[in-house]
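Q: predicted structure and sequence below. I'll ask about it afterward.
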Amino acid sequence: MNVRHLAAIDMHGSRGTAGLNYAPLSRYALALMRPGALDAELAGVDIDRELRRYAVLQLWVLVPLALVVFTIRDRLDRRGTRPTAP
């Protein structure tokens, strides 16, 4: 299997836009490579439960721009600047 080719096809998607979802994934992956960052992020987490949960949630990678939108929403939530629903 040509993994590089598979990644290229997956990133392109059917419309040439699914690759944008990989930008936040790549950013977080690089940040989590710092010593201790991964352990800190997963402290107190039930890994087996989360693996089952995220096996389904990773389907959002297939939706163009979904992870970009989720990342922006998460950042706004952390800053407390996202408007709340009425």
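A: That came through, no problem.
Q: could you list the low-pLDDT ranges of the chain?
A: 17, 81-86 (pLDDT under 70).
Q: now the terminal residues of stretch 9-18, how far apart.
A: Its first and final residues considered, stretch 9-18 spans 10 Å by CA to CA, to the nearest Å.
Q: can you pull the buried residues of it?
A: 13, 18 (16 or more other CB atoms under 10 Å). C-betas here are computed from N, CA, C, even on glycine.
Q: going forward can the numbers begin at 12, since that is how I track them
A: New numbering, starting at 12: the last item is stretch 20-29.
Q: how far off centre is that stretch?
A: Computed by CA atoms, centre = their mean, to the nearest Å, the chain-centroid distance of stretch 20-29 equals 16 Å.
Q: residue 49 versus residue 41, what's the distance?
A: 12 Å (CB to CB, to the nearest Å).
Q: where does residue 46 sit: helix, strand or coil?
A: The three-state label given to residue 46 by DSSP: H, G, I helix; E, B strand; the rest coil is coil.
Q: for it, grab phi and psi.
A: Here is the backbone geometry of residue 46 (degrees, to the nearest 10): phi -50, psi 130.
Q: what's the first-to-last distance across stretch 19-38?
A: Taking CA to CA, the first and last residues of stretch 19-38 lie 18 Å apart.
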